[in-house]
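# when you get a sec, could you give me coordinates for this:
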Amino acid sequence: MNNNEIDKQKLMDAVLSSSGGKIDKQSLAGAIQSKNADALIKNLSPADREKLNKVMSDRKSMEALLNSPQAKALLKTFLKGGGKNG
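I've put the predicted structure just below:
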């Protein structure tokens, strides 16, 4: 296993642990593979979906979120297809 694969595994583990059990490993892997997070969003509680919608609808909040190291790492993983190309 190379460092890139280890980093992706750590990232997936971090997402899974921070979800509080709302996201399972198979769902996360499927979302990465398909590049579609709809299934993950459906697993959120109504309150969490509302928070996500609020952040996504506010430009400053969205910019702050996307500029975080965690978001950059997630986006990099999703955009590369979760390990298919890198």
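# just checking, Ser61 touches Lys54?
Yes. Using CB atoms under 8 Å, Ser61 is in contact with Lys54, at 7.4 Å. Just so you know, the C-beta spots here come from the backbone N, C-alpha and C atoms, and that holds for glycine as well.
# would you map the helices across this protein?
3-18, 25-34, 38-42, 46-57, 59-66, 69-79 (DSSP state H).
# let's have the ones you listed in TSV, adding mean pLDDT.
Formatted as TSV, those follow (pLDDT from 0 to 100):
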stretch	mean pLDDT
helix 3-18	73
helix 25-34	84
helix 38-42	83
helix 46-57	86
helix 59-66	85
helix 69-79	77
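# out of the ones you listed, indicate the one that is most buried.
Most buried of the helices of the chain by mean neighbour count (mean count of other CB atoms under 10 Å) is helix 25-34; its value is a mean of 15.
# helices or strands next to it in the packing?
Packing contacts for helix 25-34, counted by 3 or more CB pairs under 8 Å, 6 or more residues apart in numbering; DSSP states H and E, involve helix 3-18, helix 38-42, helix 69-79.
# just send these back as CSV, with distance to Ala29 too.
Shown next, in CSV, are those (distance: least, CB to CB, whole Å):
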stretch, distance to Ala29
helix 3-18, 8
helix 38-42, 11
helix 69-79, 11
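# of those, which approaches Gly30 most closely?
For Gly30, the closest of those is helix 38-42, at 6.5 Å, according to CB to CB.
# got the contact list for the most centrally placed residue in the chain?
The centroid of the chain falls nearest to Leu74 when counting by CA atoms, centre = their mean (5.2 Å). Neighbour list for Leu74: Leu11, Val15 [criterion: CB atoms under 8 Å, 6 or more residues apart in numbering].
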